[in-house]
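S.K.: this one's structure only:
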């Protein structure tokens with residue numbers, strides 16, 4: 001090649017290289033490992049709080065603590081594998097030198113199965129780290145394009161991640177930002193900000209912010225149980241996106257404090273003989289799986305290793321936490337947590353055994369088809385109320401009846417909302433009385449009896465509200481059946497005129513169900529009676545003159561021989577309305593991410609709109625039961641059951 005050509009090629013190479021650096025991620029201006037850097041890292045090293053584990057192998061606490069990776073190195077039970085051809089073992093007990101320079105096609109493999117951990121990972125971890133202190137790694141660094149700022153990163157290595165995305169190894173951490181260019185200068189000033197890593201994103205706080213807890217100059221980090229995401233306090237934290245994590249992190253409960261040893265890391269390993277040669281490993285620190293179950297890569301492979309301030313700029317100012325326990329929005333959050341956990345478990349089952357999962361789905365589909373064919377789904381007119389109808393016809397007629405006057409029925413549901421709130425407040429007010437105050441304490445510090453009483457109180461308020469909704473809906477259907485004009489005033493007057501029998505029967509039945517339900521052995525009997533008393537509102541409103549005990553007896557008589565018929569139909573419609581309410585709440589929670597007070601309004605509104613559906617179902621079940629008891633013949637197939645609801 002001629003000299004001019006060589007010069008031109010060299011110039012082009014320089015331009016291309018410069019363009020690559022300018023277009024890519026920023027590079028670290030300098031990494032410090034001198035005594036001043038070590039002193040700075042020690043001064044601000046975090047205090048790590050983990051959820052206390054009540055006993056070994058318990059899932060109610062955190063089994064792991066940040067550890068030194070040296071425990072893994074030269075450990076004969078740890079394998080280094082290469083991807084492909086059955087992922088053969090390269091060596092057992094790999095050293096730091098063995099890892100140095102290896103790319104993403106290699107990974108470490110621990111004893112056990114990451115997707116079916118059992119207690120093996122906890123037991124191995126306890127054996128490997130017995131007598132060793134907790135350890136964190138510090139990286140003291142500046143960013144090339146952000147002069148005058150210095151960051152101390154603290155990297156936490158965890159042996160196993162026991163969360164929705166189970167996997168071997170976990171790299172988490174926090175960082176502290178200083179208005180300085182060197183460690184010496186940073187030792188003379190206070191930090192300006194901290195950033196806590198949480199899944200793909202994180203949360204930041206100004207130094208001195210109320211939410212930042214300090215022990216001296218050491219920031220306190222609340223590590224989420226299982227996932228090890230770092231938080232500023234003890235709570236149940238909600239993740240609704242990739243940056244937040246999708247699921248629920250908990251730092252609640254008694255905590256155990258850990259003051260770790262600090263090891264300062266260089267920018268990169270000097271070579272295979274370097275004690276930190278493992279920094280040059282670009283493979284995965286754990287068993288190979290698809291997607292979120294794969295072992296993570298090391299800290300030096302992450303963009304924030306050399307661009308910590310860019311990462312800091314992208315952090316959130318706050319994390320979503322669980323609202324007041326027992327609130328509707330709190331129930332939706334609990335449901336969201338359970339749905340995500342259930343979905344994760346199903347996905348892991350599919351990964352572990354695709355054939356078994358497909359067989360299970362086939363069995364469920366067959367069962368659903370069998371149940372579908374067990375009933376009749378032909379359309380029936382919504383009137384008369386007293387007529388023989390199969391389960392499928394009752395469900396279909398429920399929607400026909402609701403569609404005939406949707407605003408009327410929705411208004412009944414909305415009118416019941418203040419009543420439900422009032423009942424809830426009344427129960428809460430009981431908490432201020434000397435005896436009830438202890439029993440209704442829902443702070444979580446009580447025993448099982450307190451919990452049962454709190455749950456029963458909520459169920460009682462809900463059942464009472466539904467009974468009044470059922471009474472109002474029954475009144476509307478009865479009035480329209482007889483051609484009477486329906487008005488809010490008339491509905492209120494009719495319900496009030498029957499309130500004695502209604503309240504008496506409900507109170508007596510609820511007391512009996514709650515008493516039996518308080519004993520585990522008698523809980524099936526409580527459920528049996530709960531279904532037998534499903535027609536209390538209809539009997540009280542449509543068969544006047546009965547005393548409370550007679551109302552209960554009449555309802556039980558109508559259900560006799562039809563228990564499963566009643567339970568399944570009410571369960572399907574009642575469960576469907578609650579499912580729709582929960583799904584709407586989950587959709588709003590994930591997509592809109594509203595404040596929890598707005599989420600509560602949305603969910604309560606949907607509940608109120610749908611609650612009359614279950615009440616209408618109860619009415620048609622009552623009509624079917626009466627028709628059976630009075631031997632009312634089935635309508636001719638070629639003729640409608642009756643004319644439509646009059647206007």
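M.R.: Yep, that arrived. Values in this document were obtained by computation on a predicted structure and should not be read as measured data. Residues are numbered from 1 along each chain as shown.
S.K.: let me know the pLDDT of the residue most central in space within the chain.
M.R.: Nearest to the mean C-alpha position of the chain, by CA atoms, centre = their mean, lies residue 337 at 1.2 Å. The confidence metric pLDDT takes the value 73 at residue 337.
S.K.: ok, it to residue 226 distance?
M.R.: Between residue 337 and residue 226 the distance, using CB to CB, to the nearest Å, works out to 12 Å. Placement of C-beta: from N, CA and C, glycine included.
S.K.: check residue 285 too.
M.R.: 17 Å.
S.K.: same question for residue 144.
M.R.: 37 Å.
S.K.: which one of these two is surrounded by more residues?
M.R.: Neighbour totals were compared for residue 144 and residue 226, and residue 226 leads with 24 against 13 (other CB atoms under 10 Å).
S.K.: is it true that that one touches residue 64?
M.R.: No: if you go by CB atoms under 8 Å, residue 226 and residue 64 don't touch, sitting 9.1 Å apart.
S.K.: what segments of the stretch 501-647 of the chain are helices?
M.R.: 523-532, 536-542, 548-559, 563-587, 596-629 (DSSP state H, counting those that start in this stretch).
S.K.: again, but for the stretch 51-200 of the chain
M.R.: For the stretch 51-200 of the chain, the helices defined by DSSP H, counting those that start in this stretch cover 96-99, 120-128, 183-186.
S.K.: buried sites along stretch 282-301?
M.R.: Within stretch 282-301, the residues that qualify as buried are 282-289, 293-300, counting by 16 or more other CB atoms under 10 Å.
S.K.: out of the residues you listed, which comes closest to residue 629?
M.R.: Nearest to residue 629 out of those is residue 293 (CB to CB; 57.7 Å).
S.K.: against residue 160, how distant is the closest one?
M.R.: Distance from residue 293 to residue 160, by CB to CB: 12 Å.
S.K.: common neighbours of the two, please.
M.R.: 114, 166, 167 (CB atoms under 8 Å, 6 or more residues apart in numbering).
S.K.: which of the residues you listed count as buried?
M.R.: 114, 166, 167.
S.K.: among the residues you listed, which lie within strands?
M.R.: With strands taken from DSSP state E, the overlap with these comprises residue 167.
S.K.: out of the buried ones among the shared contacts of residue 293 and residue 160, which one sits closest to residue 412?
M.R.: Using CB to CB, residue 166 comes nearest to residue 412 of these, at 47.0 Å.
S.K.: just the pLDDT for the spatially closest residue to residue 411 that is not a sequence neighbour.
M.R.: Spatially, and ignoring its direct neighbours in sequence, residue 411 is nearest to residue 488 (7.3 Å; CB to CB, 6 or more residues apart in numbering). For residue 488, the model assigns a pLDDT of 86.
S.K.: related to what we said a few turns ago, export the helices of the stretch 51-200 of the chain as JSON lines, with columns for mean pLDDT and distance to residue 422.
M.R.: Formatted as JSON lines, the helices of the stretch 51-200 of the chain follow (pLDDT from 0 to 100; distance: least, CB to CB, whole Å):
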{"stretch": "helix 96-99", "mean pLDDT": "97", "distance to residue 422": "66"}
{"stretch": "helix 120-128", "mean pLDDT": "97", "distance to residue 422": "49"}
{"stretch": "helix 183-186", "mean pLDDT": "98", "distance to residue 422": "58"}
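S.K.: a markdown table for the ones you listed, including distance to residue 558?
M.R.: Converted to a markdown table, the helices of the stretch 51-200 of the chain look like this (distance: least, CB to CB, whole Å):
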| stretch | distance to residue 558 |
| --- | --- |
| helix 96-99 | 74 |
| helix 120-128 | 55 |
| helix 183-186 | 79 |
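S.K.: and those helices: which comes nearest residue 584?
M.R.: Judging the helices of the stretch 51-200 of the chain by CB to CB, what sits closest to residue 584 is helix 120-128, at 38.7 Å.
S.K.: you'd agree residue 94 is up against residue 108?
M.R.: Yes: with contact defined as CB under 8 Å, residue 94 reaches residue 108; the gap is 7.2 Å.
S.K.: joint contacts of these two?
M.R.: 78, 79, 80.
S.K.: OK, contacts around the second one?
M.R.: Each residue near residue 79 by CB under 8 Å, 6+ apart is listed here: 89, 90, 91, 92, 94, 108, 109.
S.K.: next, count neighbours for the third one.
M.R.: I take that to be residue 91. With other CB under 10 Å as criterion, residue 91 counts 11.
S.K.: hey, what's the nearest residue to it once chain neighbours are set aside bridged with?
M.R.: Distances taken as CB to CB, 6+ apart put residue 80 closest to residue 91, at 5.2 Å, once the chain neighbours are dropped. On the basis of DSSP bridges, residue 80 is bridged to residue 91, residue 108.
S.K.: ok, now how distant is residue 80 from residue 284?
M.R.: 11 Å.
S.K.: one more: residue 130?
M.R.: From residue 130 to residue 284 the distance is 26 Å (CB to CB).
S.K.: now swap in residue 293 and tell me
M.R.: 11 Å.
S.K.: ok, now residue 602?
M.R.: 42 Å.
S.K.: same question, residue 127
M.R.: Counting by CB to CB, the gap from residue 127 to residue 284 is 23 Å.
S.K.: next one: residue 382
M.R.: 62 Å.
S.K.: equivalent analysis for residue 398, please.
M.R.: As for residue 398, its distance to residue 284 is 54 Å (criterion: CB to CB).
S.K.: check residue 163 too.
M.R.: 17 Å.
S.K.: could you do residue 258 as well?
M.R.: 26 Å.
S.K.: just to revisit the earlier point, now the shared contacts of residue 293 and residue 160 as CSV including pLDDT and distance to residue 410?
M.R.: Shown next, in CSV, are the shared contacts of residue 293 and residue 160 (pLDDT from 0 to 100; distance: CB to CB, whole Å):
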residue, pLDDT, distance to residue 410
114, 93, 49
166, 91, 44
167, 95, 47
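S.K.: now those residues in JSON lines, with distance to residue 374?
M.R.: Shown next, in JSON lines, are these (distance: CB to CB, whole Å):
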{"residue": "114", "distance to residue 374": "43"}
{"residue": "166", "distance to residue 374": "40"}
{"residue": "167", "distance to residue 374": "44"}
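S.K.: nearest to residue 621, of the helices of the stretch 51-200 of the chain?
M.R.: Across the helices of the stretch 51-200 of the chain, closest to residue 621 is helix 120-128 (CB to CB), at 51.1 Å.
S.K.: quick one: residue 204 is in a helix?
M.R.: No: Residue 204: not assigned to a helix; according to DSSP: H, G, I helix; E, B strand; the rest coil it is strand.
S.K.: which residues sit in contact with the closest residue to it other than its chain neighbours?
M.R.: Using CB to CB, 6+ apart and skipping residues adjacent in sequence, the residue nearest residue 204 is residue 315, 4.0 Å away. Applying CB under 8 Å, 6+ apart to residue 315 gives the contacts 195, 196, 201, 202, 203, 204.
S.K.: surely residue 283 and residue 98 touch.
M.R.: No: counting by CB under 8 Å, residue 283 stays clear of residue 98, with 10.9 Å between them.
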